[in-house]
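In: starting from these lines, generate the structure:
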Amino acid sequence: MKKNTKVTIAVALIGLVATAAVAFKYVNARTKIKELEAVSRLQNLTLIAIGNKDYVLACKSQTEAEEYLGKVHSKSEDLLGMIHKSNQELCSKALKTQSK
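Out: I've put the predicted structure just below:
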(Lines give C-alpha, C1' and ligand atoms only; values in the text may rest on other atoms or scores of the structure.)
Protein backbone atom coordinates (compact mmCIF):
# COMPACT_ATOMS: atom_id res chain seq x y z
CA MET A 1 0.00 0.00 0.00
CA LYS A 2 1.29 3.42 -0.84
CA LYS A 3 1.99 5.96 1.86
CA ASN A 4 -0.73 8.31 0.53
CA THR A 5 -3.32 5.55 0.76
CA LYS A 6 -2.39 4.82 4.39
CA VAL A 7 -2.61 8.51 5.26
CA THR A 8 -5.98 8.78 3.51
CA ILE A 9 -7.33 5.78 5.41
CA ALA A 10 -6.00 7.17 8.71
CA VAL A 11 -7.60 10.56 8.06
CA ALA A 12 -10.88 8.90 7.10
CA LEU A 13 -10.86 6.83 10.32
CA ILE A 14 -10.15 9.91 12.41
CA GLY A 15 -13.01 11.70 10.67
CA LEU A 16 -15.32 8.76 11.32
CA VAL A 17 -14.43 8.62 15.01
CA ALA A 18 -14.83 12.39 15.36
CA THR A 19 -18.23 12.29 13.64
CA ALA A 20 -19.38 9.48 15.94
CA ALA A 21 -18.23 11.43 19.00
CA VAL A 22 -20.08 14.56 17.89
CA ALA A 23 -23.21 12.54 17.14
CA PHE A 24 -23.07 10.96 20.61
CA LYS A 25 -22.68 14.36 22.27
CA TYR A 26 -25.58 15.74 20.21
CA VAL A 27 -27.91 12.89 21.21
CA ASN A 28 -26.83 13.23 24.85
CA ALA A 29 -27.42 17.00 24.75
CA ARG A 30 -30.89 16.53 23.21
CA THR A 31 -31.79 14.12 26.01
CA LYS A 32 -30.64 16.61 28.63
CA ILE A 33 -32.68 19.36 27.00
CA LYS A 34 -35.83 17.22 27.08
CA GLU A 35 -35.26 16.38 30.73
CA LEU A 36 -34.65 20.03 31.62
CA GLU A 37 -37.85 20.98 29.78
CA ALA A 38 -39.70 18.41 31.89
CA VAL A 39 -38.17 19.90 35.06
CA SER A 40 -39.33 23.35 33.98
CA ARG A 41 -42.88 22.16 33.34
CA LEU A 42 -43.01 20.29 36.64
CA GLN A 43 -41.70 23.32 38.52
CA ASN A 44 -44.46 25.40 36.93
CA LEU A 45 -47.04 22.80 37.97
CA THR A 46 -45.61 22.90 41.49
CA LEU A 47 -46.07 26.68 41.65
CA ILE A 48 -49.65 26.41 40.41
CA ALA A 49 -50.38 23.66 42.93
CA ILE A 50 -48.94 25.74 45.79
CA GLY A 51 -51.07 28.69 44.68
CA ASN A 52 -54.12 26.43 44.86
CA LYS A 53 -52.93 25.05 48.23
CA ASP A 54 -52.82 21.56 46.71
CA TYR A 55 -49.69 20.37 48.50
CA VAL A 56 -50.19 16.73 47.51
CA LEU A 57 -49.93 17.64 43.82
CA ALA A 58 -47.05 20.01 44.59
CA CYS A 59 -45.22 17.20 46.37
CA LYS A 60 -45.74 14.81 43.46
CA SER A 61 -44.62 17.26 40.80
CA GLN A 62 -41.62 18.39 42.84
CA THR A 63 -40.58 14.76 43.39
CA GLU A 64 -40.71 14.11 39.64
CA ALA A 65 -38.76 17.30 38.95
CA GLU A 66 -36.08 16.12 41.36
CA GLU A 67 -35.90 12.75 39.58
CA TYR A 68 -35.55 14.36 36.14
CA LEU A 69 -32.90 16.76 37.38
CA GLY A 70 -30.98 13.83 38.82
CA LYS A 71 -30.97 12.21 35.36
CA VAL A 72 -29.36 15.27 33.82
CA HIS A 73 -26.22 14.82 35.95
CA SER A 74 -25.89 18.53 36.43
CA LYS A 75 -22.64 19.87 37.80
CA SER A 76 -24.58 22.32 39.94
CA GLU A 77 -25.30 20.14 42.95
CA ASP A 78 -26.68 23.15 44.83
CA LEU A 79 -29.62 23.22 42.41
CA LEU A 80 -30.44 19.59 43.11
CA GLY A 81 -30.02 20.29 46.83
CA MET A 82 -32.45 23.22 46.70
CA ILE A 83 -35.06 21.14 44.88
CA HIS A 84 -34.58 18.30 47.36
CA LYS A 85 -35.04 20.64 50.33
CA SER A 86 -38.18 22.26 48.91
CA ASN A 87 -39.48 18.79 48.03
CA GLN A 88 -39.14 17.71 51.65
CA GLU A 89 -40.97 20.84 52.84
CA LEU A 90 -43.80 20.40 50.34
CA CYS A 91 -44.24 16.71 51.11
CA SER A 92 -44.36 17.40 54.85
CA LYS A 93 -47.09 20.02 54.22
CA ALA A 94 -48.92 17.46 52.06
CA LEU A 95 -48.81 14.93 54.90
CA LYS A 96 -50.15 17.54 57.34
CA THR A 97 -53.04 18.47 55.04
CA GLN A 98 -53.90 14.81 54.40
CA SER A 99 -53.97 14.02 58.11
CA LYS A 100 -56.53 16.76 58.82
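In: what's around residue 68, how many residues?
Out: By the measure other Cβ atoms under 10 Å, the count of residues near residue 68 is 18. Yep, even glycine has a C-beta here, placed from its N, CA and C like the rest.
In: what about it, which helix or strand?
Out: Per DSSP states H and E: residue 68 is located in helix 55-72.
In: report the buried residues of that helix.
Out: Within helix 55-72, the residues that qualify as buried are 55, 57-66, 68-69, 72, counting by 16 or more other Cβ atoms under 10 Å.
In: distance between that helix and the chain's centre?
Out: Offset of helix 55-72 from its chain centre (Cα atoms, centre = their mean, to the nearest Å): 11 Å.
In: and stretch 17-24, by the same measure?
Out: Computed by Cα atoms, centre = their mean, the separation of stretch 17-24 from the middle of its chain amounts to 22 Å.
In: what's the answer for stretch 83-100, then?
Out: Distance, centroid of stretch 83-100 to centroid of chain: 23 Å (Cα atoms, centre = their mean).
In: hmm, who's touching it?
Out: Contact with stretch 83-100 is made by 46, 50, 53, 55, 56, 58, 59, 62, 63, 65, 66, 69, as judged by Cβ atoms under 8 Å, 6 or more residues apart in numbering.
In: just send these back as JSON lines, with distance to residue 39 and pLDDT too.
Out: Shown next, in JSON lines, are the contacts of stretch 83-100 (distance: Cβ to Cβ, whole Å; pLDDT from 0 to 100):
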{"residue": "46", "distance to residue 39": "10", "pLDDT": "90"}
{"residue": "50", "distance to residue 39": "16", "pLDDT": "88"}
{"residue": "53", "distance to residue 39": "23", "pLDDT": "89"}
{"residue": "55", "distance to residue 39": "19", "pLDDT": "89"}
{"residue": "56", "distance to residue 39": "20", "pLDDT": "91"}
{"residue": "58", "distance to residue 39": "15", "pLDDT": "89"}
{"residue": "59", "distance to residue 39": "16", "pLDDT": "90"}
{"residue": "62", "distance to residue 39": "10", "pLDDT": "89"}
{"residue": "63", "distance to residue 39": "12", "pLDDT": "90"}
{"residue": "65", "distance to residue 39": "5", "pLDDT": "87"}
{"residue": "66", "distance to residue 39": "9", "pLDDT": "85"}
{"residue": "69", "distance to residue 39": "5", "pLDDT": "82"}
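In: no more questions from me, cheers.
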